[in-house]
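Visitor: next comes the sequence, and after it the predicted model I'd like to discuss.
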Amino acid sequence: MTGSLLLRNARLLDPLSGEYTEGDLRASDGRIVEAGPNLAAADVPTLDVRGAVVLPGLVDAHVHVTASTADLGSLPSSSPSYVAAQAAQTMSRMLDRGFTTVRDASGADYGLADAQADGLFRGPRLLFCGRALSQTGGHGDSRTRGTQVKDDHPCCAGLGRVADGVDAVRAAARDELRKGAHHIKVMASGGVASPTDRIDSTQYSAEELSAIVEEATAANRYVAAHAYTARAVNRALELGVRSIEHGNLLDDRSVSLFLSQEAYLVPTLVTYWALKEEGREHGLPESSWRKVDEVLGAGMAALERAARGGVQLVYGTDLLGGMHRHQNHEFRLRGEVQSPLEVIRSATSTAADLLNLTGEIGTLAVGAHADLLVVDGDPLADIGVLAEPKHFRHIVQGGEVVAG
């Protein structure tokens, strides 16, 4: 039976309660159907995991699967077929790191999501936004100062699309929604990898951001905003943005707004660590590399402030090119500030809430997708267990063992 599996003698971890239950877990047709002691199941593939920990498959809520290089401005000149092949390999390796669902924060499209869902290549479930919306000269505008021509042809690879003015951003948001976007990504502040903006800038007017939020809400979708400074974070939250990406320079008012707006913060600490260490050798331009220090040190302090204030935190990495291999290191970085259980929730149950997949992923509850991680060691005692995929005995996706 496709997607059917019985795990015996497991320590089943419920991320919400933070408690282990000893017993078996059975999947059928890709879903969890039963958990308990001494389950009976005939003609079902069975794994005796002998006391290993079983937790839900991991979620990374900020990836760029098409970013085969840190030189994002070079992507539009790459062959779309080459970028797709690179993305398939990148996603396959993400699955091997225990990530069974990822949210792409710009670059991926319905083609990659459909190909993964149809089994054309192995990889995590892919929730995409298409192209991020950027103002002229914003974080999604990869043109250098001397470049005037703008080519947003949909067949070219790239992470952003430039749209200015309320009518234009409405049309751009509607276009991404037309193509099936699970969320809309906006660039609400400057960034590291963009050539002509300042990190401390705000981007898009309040009227433009409000129009984008209105269009996403009308389609029962939401807006995720790239934002670093408190000024950019706070105005995005006030205007109805649901998730803030990065947020390295947030303040106490930001924390209050996250709580009152029931919004989510997706820190991406590991990407700054990786960009500083090896960004240039993976294509990051020198001018961008020099911007990393502005956000590197502040990221941990922002995480601590948000965690202490009770903000809903979600796991994200934002790695580019050859730095994707550090995806699990984010667990270790967050473990310096949060308890292991809090970090696990950020990559399971809280991530599911943000993605509007509560009860579908990030849980071992009956009815959820049978996306499972079987690990040696106790992640509640040592979050480093999840930072090292060598501890992963089996990775299960849709009730089928896909690794280990």
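Guide: It's in.
Visitor: neighbours of the nearest residue to Gln203 once chain neighbours are set aside, how many?
Guide: Closest residue to Gln203 apart from its sequence neighbours, by C-beta to C-beta, 6 or more residues apart in numbering: Gly138 at 4.4 Å. To be clear about C-beta, it is placed using only N, CA and C from the backbone, and glycine gets the same treatment. Gly138 has 27 neighbours, counted by other C-beta atoms under 10 Å.
Visitor: surely Gly138 touches Val162?
Guide: Yes. In terms of C-beta atoms under 8 Å, Gly138 counts as a neighbour of Val162; the distance is 7.5 Å.
Visitor: can you list contacts of whichever strand or helix holds Leu386?
Guide: Element membership of Leu386 [criterion: DSSP states H and E] is helix 384-387. With contacts defined as C-beta atoms under 8 Å, 6 or more residues apart in numbering, helix 384-387 is touched by 53, 58, 98, 328-329, 331-332, 335, 343-344, 347, 375-379, 391.
Visitor: so the residue nearest to Gln203, which state does it fall into?
Guide: Following DSSP: H, G, I helix; E, B strand; the rest coil, Gly138 is assigned to coil.
Visitor: then Gly51?
Guide: Assignment for Gly51 (three-state DSSP): coil.
Visitor: residue ranges with poor pLDDT in the stretch 201-350 of the chain?
Guide: By pLDDT under 70, the stretch 201-350 of the chain has no low-scoring segment.
Visitor: for Gly191, which non-adjacent residue is closest in space?
Guide: His139 (3.8 Å).
Visitor: isn't the one you found right next to Gly160, touching?
Guide: Yes. Using C-beta under 8 Å, His139 makes contact with Gly160 at a distance of 7.3 Å.
Visitor: which of these two has more neighbours?
Guide: His139 (29 against 26).
Visitor: returning to what we had before: which residues do His139 and Gly160 both contact?
Guide: By C-beta under 8 Å, 6+ apart, the residues touching both His139 and Gly160 are Ala132, Met187.
Visitor: quick check: Leu58 touching Ala347?
Guide: Yes. Counting by C-beta under 8 Å, Leu58 touches Ala347, with 4.8 Å between them.
Visitor: what about the most centrally placed residue in the chain, which helix or strand?
Guide: Taking C-alpha atoms, centre = their mean as the criterion, Ala61 is the residue nearest the geometric centre of the chain, at 1.7 Å. Ala61 belongs to strand 58-63 when assigned by DSSP H and E.
Visitor: convert that strand to PDB, retaining C-alpha atoms only.
Guide: Written as PDB, here are the backbone C-alpha positions of strand 58-63 (Å, rounded to 0.1, in the frame of the first residue of the first chain):
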ATOM      1  CA  LEU A  58      10.700  19.700   9.900                       C
ATOM      2  CA  VAL A  59       9.500  23.000   8.200                       C
ATOM      3  CA  ASP A  60      11.800  25.700   6.900                       C
ATOM      4  CA  ALA A  61       9.600  28.800   6.300                       C
ATOM      5  CA  HIS A  62      12.200  30.900   4.500                       C
ATOM      6  CA  VAL A  63      14.100  29.300   1.700                       C
END
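Visitor: just checking: what are the partner strands of that strand?
Guide: strand 99-104 (parallel) (DSSP bridges).
Visitor: any idea how far the strand it pairs with is from the chain center?
Guide: 6 Å (C-alpha atoms, centre = their mean, to the nearest Å).
Visitor: may I see the buried residues of the following helix or strand past that strand?
Guide: Sequence-wise, the next helix or strand downstream of strand 99-104 (DSSP H and E) is helix 110-117. Within helix 110-117, the residues that count as buried by 16 or more other C-beta atoms under 10 Å are Leu112, Ala113, Ala115, Gln116.
Visitor: among the residues you listed, which two are most distant?
Guide: The distance between the two most remote of the buried residues of helix 110-117 (C-beta to C-beta) is 7.4 Å, for Ala113 and Ala115.
Visitor: what mean pLDDT does the helix holding Leu386 have?
Guide: Mean per-residue pLDDT for helix 384-387: 98.
Visitor: shared neighbours, Leu58 and Ala347?
Guide: Tyr315, Leu386.
Visitor: what's the end-to-end length of stretch 349-364?
Guide: 10 Å (C-alpha to C-alpha, to the nearest Å).
Visitor: which parts of it are buried?
Guide: Using 16+ other C-beta under 10 Å as the test for burial, stretch 349-364 gives 349-355, 357-358, 360-364.
Visitor: and the strands in the stretch 151-300 of the chain?
Guide: Counting by DSSP state E, counting those that start in this stretch, the segments of the stretch 151-300 of the chain that form strands are 160-162, 184-187, 223-229, 243-249, 264-266.
Visitor: quick one, which of the ones you listed is nearest to Arg170?
Guide: strand 184-187 (11.0 Å).
Visitor: for that closest one, name the packing helices and strands.
Guide: Counting contacts by 3 or more C-beta pairs under 8 Å, 6 or more residues apart in numbering; DSSP states H and E, strand 184-187 packs against strand 132-134, helix 166-178, helix 206-218, strand 223-229.
Visitor: domains of the protein?
Guide: What the TED database lists as the domains of the chain is 5-56+362-403, 58-326.
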